[in-house]
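Q: My questions concern the predicted model and sequence given below.
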Amino acid sequence: MNGYYTTKVVKKNKETKSDSCFVENLYKEKTHCDFLETLLNLYESNEIDIDGIREEVDTFMFEGHDTTASAISFCLYTLARHLTYQKRLQDEIDSSKEENLLDRVQNINFLDNVIKETVRLFPPVPMIGRYFEEDAIINGHKIYKGTEVILSVAALHRNKNYWEDPDIFKPDRFNDDSCKSRNPFCYVPFSAGARNCIGQKYAMLEVKIFIYKILKNFDLKCSQSEDMLGLTAENIMKAKNGLMIEFIRR
């Protein structure tokens, strides 16, 4: 069957403990529905309308494309600006032996560090908003229930109270030993808590595959310093002046 198989959506009986849908695979074991199938089942049960489905899909399309495009672009930029790290990553890519591409990218730890450090310096979503569900005291200031606050992820990721040399690209700061001593909420490229990005694992995998494929085949060079980029922190982190990266086939 070359990996292809037929599926059909099945709704669980009301007497079962869970009313969530699942996919009955004709060739594999039963698995849970994907996101779109879940929405369609909710539509059939009148728990969501077409506008609701459209809003959910728009969110996923926006978060799944612009954000990863930003992360990939800035990752290529940082590697093009730091040739020592680029060569180190290429050496690890060239020495990877796993037959499966997913296994290869998952087992290159330095690739993971490079991406994490890139989105620390250039978070794809530079600001996030939250509403307070109850009164709170922060640094001696009372914040009332219902207040909307904006958190600057870009500023947090370069806060000298949490990061040594915050403006310098240092992928090794994400080695396991370094991470253990760091406050986990000083690094939130995918937000945090109940409203964090539910697609972060997929996004990281997508970026890893792109970077792997490009560095496998190209050397990168760039002469733009960060102050030449014209960074703009709107919905998505972008370089207003563009990223001028030279691709040289290896």
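A: Arrived safely. Numbers count the residues shown, from 1 in each chain.
Q: can you point me to the longest helix in the protein?
A: The longest helix of the chain (DSSP state H) is helix 50-81.
Q: That one - what's its average pLDDT?
A: In this model, helix 50-81 has an average pLDDT of 86.
Q: Stretch 164-177 too?
A: Stretch 164-177 shows a mean pLDDT of 92.
Q: sorry, back to before: tell me which helix or strand comes right after the longest helix of the chain.
A: For helix 50-81, the following helix or strand on the C-terminal side (DSSP states H and E) is helix 83-95.
Q: Name the residues of that following helix that are buried.
A: For helix 83-95, a neighbour-count test (16 or more other CB atoms under 10 Å) marks Tyr85, Gln86, Leu89, Gln90, Glu92, Ile93 as buried. Placement of C-beta: from N, CA and C, glycine included.
Q: same check, this time on stretch 139-156
A: Buried-residue list, stretch 139-156, by 16+ other CB under 10 Å: Val153, Ala154, Leu156.
Q: so what are the domain limits for the protein?
A: The chain breaks down by automatic domain parsing into domains covering 7-44, 53-124+166-249.
Q: From one end of the longest one to the other, what's the distance?
A: Chord length of domain 53-124+166-249, first to last residue, is 44 Å (CA to CA, to the nearest Å).
Q: Distance from it to the middle of the chain?
A: Chain-centre distance of domain 53-124+166-249: 8 Å, with CA atoms, centre = their mean, to the nearest Å.
Q: Check stretch 152-172 too.
A: In terms of CA atoms, centre = their mean, the centre of stretch 152-172 is set 18 Å apart from its chain centre.
Q: Residues in contact with the one helix or strand Lys216 maps to: which ones?
A: Per DSSP H and E, Lys216 falls inside helix 200-217. With contact meaning CB atoms under 8 Å, 6 or more residues apart in numbering, helix 200-217 is reached by 64, 67-68, 71-72, 75-76, 79, 86, 89-90, 93-94, 101-102, 104-106, 108, 111-112, 114-115, 190, 197, 220, 247, 249-250.
Q: Pretty sure Tyr131 is one of the things Arg195 touches, is it not?
A: No - contact criterion CB atoms under 8 Å: Arg195 and Tyr131 do not qualify, at 10.1 Å.
Q: and the closest residue to His157 other than its chain neighbours, what does it touch?
A: Excluding its sequence neighbours, the residue lying closest to His157 (CB to CB, 6 or more residues apart in numbering) is Arg120, at 4.6 Å. Applying CB under 8 Å, 6+ apart to Arg120 gives the contacts His157, Trp163, Tyr187, Pro189.
Q: what's across from Leu231 in the sheet?
A: According to DSSP bridges, the residues that bridge with Leu231 are Ala239.
Q: going forward, begin numbering at 29 instead of 1
A: Fine by me, first position is 29 from now on; the one you just mentioned is Leu259.
Q: pretty sure it is touching Asn269, no?
A: No - with contact defined as CB under 8 Å, Leu259 does not reach Asn269; the gap is 9.0 Å.
Q: neighbour-wise, which of the two wins?
A: With other CB atoms under 10 Å as the criterion, Leu259 and Asn269 differ in neighbour count, and Leu259 comes out ahead with 16 against 12.
Q: Let's verify Lys170: helix, strand, or coil?
A: Three-state call for Lys170 (DSSP: H, G, I helix; E, B strand; the rest coil): strand.
Q: measure it to Leu184 for me?
A: 22 Å (CB to CB, to the nearest Å).
Q: Likewise for Tyr105?
A: Look at Tyr105 and Leu184: by CB to CB, they are 21 Å apart.
Q: same thing with Gly258?
A: For Gly258, the distance to Leu184 (CB to CB) stands at 22 Å.
Q: who's in contact with Asn187?
A: Neighbours of Asn187 in contact, by CB under 8 Å, 6+ apart: Pro194, Cys214.
Q: Apologies, that question was intended for Ile156.
A: By CB under 8 Å, 6+ apart, the contact set of Ile156 is Ile178, Leu179, Val181, Val216, Ser219.
Q: Show me the residues you listed that map onto helices.
A: Val181.
Q: Kind regards, and thank you for your time.
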